[in-house]
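Peer 1: got a sequence here, can you model it:
(one chain, ligands or ions: 1)
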Amino acid sequence: MTSSGPTRDSSPFALQSFSYGKSLVRLLRVVRHTPTHHHIVEYTVATLLSGPSLASSYTEGDNSLVVATDSQKNTVHFLAKTLPPEEVLCPEKFALRIAAHFPTKYAHIEKCEVEVVSHKWSRIKLDEAGANEEEHSFVRDGEEKRTVQVVAEQQGSDKAIAITKLQSGLKDLLLLKSGGSAFHSFLRDEFTTLREVNDRIFSTAVDCRYDYALPAASSAGIVDSLIASHDFDGIASSIRQSTLRIFSHTDTGAAAASVQATLHLMATTALSAPENAAVDSIEYALPNKHYVPIDLKWAGLENMKEDEAEVFLPQADPSGLIKAKVGRKA
Ligand SMILES: O=c1[nH]c(=O)c2[nH]c(=O)[nH]c2[nH]1
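Peer 2: Numbers count the residues shown, from 1 in each chain. Model prediction:
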C-alpha cells in the first residue's frame with residue numbers, strides 16, 4: 001500500500017498517541033472437573049497494543065509490524081483453551097496472562113492494555129439450603145459483572161515485563177433500600193427546591209474499582225508471582241460483601257447523611273479488611289437513582305410524605321452521580 005498523504009517529515013502534524021486492538025472478544029470456557037461437575041466463566045475481553053515502531057502503520061501505511069486485531073482475538077481464544085483451568089477461571093489471572101503475552105512475544109510491542117469483563121453465571125440451587133447444587137446447570141442471576149484492567153509494559157534494555165496497572169472492579173450491581181437513607185441540612189439558596197428528608201428510597205448501580213499495590217520495577221516472573229501471591233477471588237468477594245453490608249446497615253449516624261458519606265464508609269471498610277491488604281486504593285461511582293412519590297391527591301389519597309409514601313415513580317433520568325477514590329496514606 002502506498003501512502004497518499006504527506007510524509008512524516010513534511011507533515012505539519014504529529015501523531016501524538018495511538019494504540020489498536022480488538023474489543024468485545026467473547027468466550028465461554030467450560031472446565032470439566034468430572035464428566036458431570038463443571039465450572040464455567042463467560043468473558044468479554046478487549047486488547048490494545050502499542051509501541052513506537054507501530055507509528056508507521058498510521059503515517060506510512062506500513063503493516064509489516066501490525067499484529068492483526070484478528071490475531072489478537074485468536075490469541076485470547078488460544079489462551080482460554082491452553083492456560084491452566086484455575087488461571088482461566090479467575091478474571092485477574094486470565095487478564096495478567098493475556099497482557100504479558102503480547103510484549104513478551106513481540107519485541108516491538110512495548111505495551112498491552114487488557115480489559116476482562118466477567119459475566120455472572122451462578123450454579124443453580126434447587127433446594128433452599130443449597131444442598132442440591134446442580135453440577136452443570138447455571139443461571140444468569142443478575143447483570144453485575146467483575147471487571148479487570150491490566151497494563152503490561154516492557155521496561156529497560158532487556159525489555160523485562162512490568163505490570164503497571166492491575167485494577168479490579170465490580171459494576172452494574174443494582175441495589176435499593178426502601179428506608180434508612182436521609183438527606184438534609186444541605187446548602188439552600190435561590191436554586192434549591194429539594195425538600196429535606198429523614199427517610200427516603202436509596203437506589204444505586206454500584207461501579208467500584210480497586211487498584212492492587214504493584215512492585216515499582218519490572219522483575220522476572222512478575223506475573224507468576226502476582227498470580228501465586230493473591231487471592232483475587234477472595235478479595236472480590238470480600239469487597240462485594242462489605243459493599244452490600246454498608247449499603248444495608250448504614251441507616252443512622254454520620255455515614256447515613258448522604259450517598260457521599262455512605263460511599264466513604266464503603267471504601268474505608270473495604271480497605272480496612274485484613275484480607276484486602278494488597279489493595280492500595282478503591283474508588284466508587286454511585287448513581288443516586290431517584291424514586292419520587294406519586295401525587296394521588298386527585299383520588300383523595302395522601303402519598304406525598306417521603307417516609308409514608310407507598311407508590312413511587314422510578315426516574316429514568318436525571319440521576320445523581322457521586323464519586324470518590326480513597327487510598328492508603330503513605
Ligand atoms: O445523598 C445525596 N447527596 C447529594 O449530593 C444529593 N443531591 C441531591 O439532590 N440529593 C442528594 N443526595
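
Peer 1: and the longest helix for the protein?
Peer 2: Across the chain, the longest stretch assigned as helix under DSSP state H is helix 232-249.

Peer 1: do the very next helix or strand once past that helix and the ligand meet?
Peer 2: Downstream of helix 232-249, the first helix or strand assigned by DSSP states H and E is helix 259-272. Yes - if you take CB under 6 Å from any ligand atom as the test, helix 259-272 does meet the ligand, through V259, Q260. C-beta: built from backbone N, CA, C; applies to glycine.

Peer 1: just give me how far helix 259-272 sits from the chain centre.
Peer 2: In this view, helix 259-272 has its centroid 17 Å away from the chain centroid, taken as CA atoms, centre = their mean, to the nearest Å.

Peer 1: what's the next helix or strand after it packed up against?
Peer 2: Downstream of helix 259-272, the first helix or strand assigned by DSSP H and E is strand 279-288. Under the contact criterion of 3 or more CB pairs under 8 Å, 6 or more residues apart in numbering; DSSP states H and E, strand 279-288 touches strand 202-212, helix 232-249, helix 259-272, strand 320-327.

Peer 1: contact partners of stretch 46-56?
Peer 2: 15, 18-25, 62, 65-67, 69, 72, 75-76, 98, 102, 106, 108-115 (CB atoms under 8 Å, 6 or more residues apart in numbering).

Peer 1: so for the longest strand that the chain contains, mean pLDDT?
Peer 2: Longest strand in the chain, counting residues (DSSP state E): strand 160-177. Computed over strand 160-177, the mean pLDDT rounds to 97.

Peer 1: close to the ligand, is that strand?
Peer 2: No - Strand 160-177 stays clear of the ligand (CB under 6 Å from any ligand atom), getting no nearer than 12.4 Å.

Peer 1: and that strand, what does it pack onto?
Peer 2: Checking 3+ CB pairs under 8 Å, 6+ apart, strand 160-177 ends up next to helix 91-105, strand 145-155, strand 202-212, helix 222-229, helix 232-249.

Peer 1: and the longest one, what does it pack onto?
Peer 2: It refers to helix 232-249. Partner elements for helix 232-249 (3+ CB pairs under 8 Å, 6+ apart): helix 91-105, strand 160-177, strand 202-212, helix 259-272, strand 279-288.

Peer 1: what's the distance between R200 and the ligand?
Peer 2: For R200, the distance to the ligand equals 8 Å [CB to the nearest ligand atom, to the nearest Å].

Peer 1: surely that residue is in contact with F183?
Peer 2: Yes - if you go by CB atoms under 8 Å, R200 and F183 touch, sitting 6.7 Å apart.

Peer 1: show me where the chain dips below the pLDDT cut-off.
Peer 2: 1-9, 130-131, 218 (pLDDT under 70).
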